[in-house]
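[1] Predicted coordinates and the sequence they were generated for:
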Amino acid sequence: MKQSAFLWGARKTGKSTFLRTLYPNSIIIDMLDTHLEMRYTKSPWEFRQDILHLKVADLNYPIIVDEVQKVPSIMDEIHWLIENTKASFILCGSSARKMRQAGVNLLGGRAIRYEFFPLVYPEIRQDFNLLKIFNHGLIPSHYIAPEAKLLLESYIYEYLSSEIKAEGIVRNLATFNRFLDSVTFSHGEMLNYTNI
């Protein structure tokens, strides 16, 4: 039996690169392709039809759906395909919360959930530099960048605008932004609530 899976993780942690490397023979459906996103949003059943028209040999590998949270309406189609065909899927994205809040079908135990994190110690063991980690962060592209300050600022802005603001997690974005600044000044020190 082939097993389907979710791979969730923050943006730019390397999920897509990891999957493309691990499964070079898999069909990859990238929802960052605006044409595909619009087509499947408008007609989710076309996703099922596209998978049913694949060659049998293509089903020997998991079908990777990247940025699946962009088109949550295809989850019912994926559910049907898992139950009625030999297809298995790796569903990759950055926001399971958004899908859960919308009441989207998360396959009810038919897919194993995995989390993908930024770099961890075994991945940087040879180049472990605590000062570099604090200054660059552990997002792979930021960690290897010679000067990561602009990348980090862009990432934080994107995180604040798309993840925090768009999902309504924080009501007062300006205050939350100031809180992040405060945390950076006290990072690594004894926590003092009065200072924060």
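    Thanks, I have the structure now. Numbering: from 1, shown residues only.
[2] Name the SS class of residue 37, please.
    helix (DSSP: H, G, I helix; E, B strand; the rest coil).
[3] Quick check, it in contact with residue 68.
    No - counting by Cβ atoms under 8 Å, residue 37 does not reach residue 68; the two are 10.6 Å apart. Using the backbone N, CA and C atoms, a C-beta is placed for each residue, glycine as well.
[4] So those two - more neighbours on which side?
    residue 68 (26 against 15; other Cβ atoms under 10 Å).
[5] For this protein, which segments count as strands?
    4-9, 28-30, 63-66, 89-93, 111-116 (DSSP state E).
[6] So what's the gap between the last one and the chain middle?
    This points to strand 111-116. 11 Å (Cα atoms, centre = their mean, to the nearest Å).
[7] ok, back up a step: overlap in contacts, residue 37 and residue 68.
    residue 31 (Cβ atoms under 8 Å, 6 or more residues apart in numbering).
[8] could the strands of the chain go into TSV alongside mean neighbour count and distance to residue 18?
    Converted to TSV, the strands of the chain look like this (neighbours: other Cβ atoms under 10 Å; distance: least, Cβ to Cβ, whole Å):
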stretch	mean neighbour count	distance to residue 18
strand 4-9	19	8
strand 28-30	17	12
strand 63-66	22	11
strand 89-93	25	9
strand 111-116	14	7
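[9] Tabulate those strands (TSV), appending distance to residue 150 and mean pLDDT.
    Formatted as TSV, these follow (distance: least, Cβ to Cβ, whole Å; pLDDT from 0 to 100):
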stretch	distance to residue 150	mean pLDDT
strand 4-9	23	89
strand 28-30	26	96
strand 63-66	26	96
strand 89-93	26	92
strand 111-116	24	87
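[10] between those, which one is nearest to residue 149?
    strand 4-9 (23.2 Å; Cβ to Cβ).
[11] Direction included, what does the closest one pair up with?
    strand 89-93 (parallel), strand 111-116 (parallel) (DSSP bridges).
[12] Residue 107: what's it in contact with?
    Residue 107 sits in contact with 4, 6, 75, 78-79, 82, where contact means Cβ under 8 Å, 6+ apart.
[13] Just name the closest of the residues you listed to residue 15, please.
    Using Cβ to Cβ, these come closest to residue 15 at residue 6, 10.7 Å.
[14] Quick check: bridge partners of the closest one?
    So, taking DSSP bridges as the rule, residue 6 has residue 91, residue 113 as bridge partners.
[15] Now that it has come up, it's in contact with residue 113, right?
    Yes - using Cβ under 8 Å, residue 6 makes contact with residue 113 at a distance of 4.8 Å.
[16] low-scoring stretches of the chain, by residue?
    1, 96-106, 159-174, 176-177, 180, 183-196 (pLDDT under 70).
[17] Can you show me the helices along it?
    Using DSSP state H, the helices of the chain run over 15-22, 34-42, 45-52, 75-84, 96-101, 121-124, 130-136, 140-144, 149-158, 166-167, 173-186.
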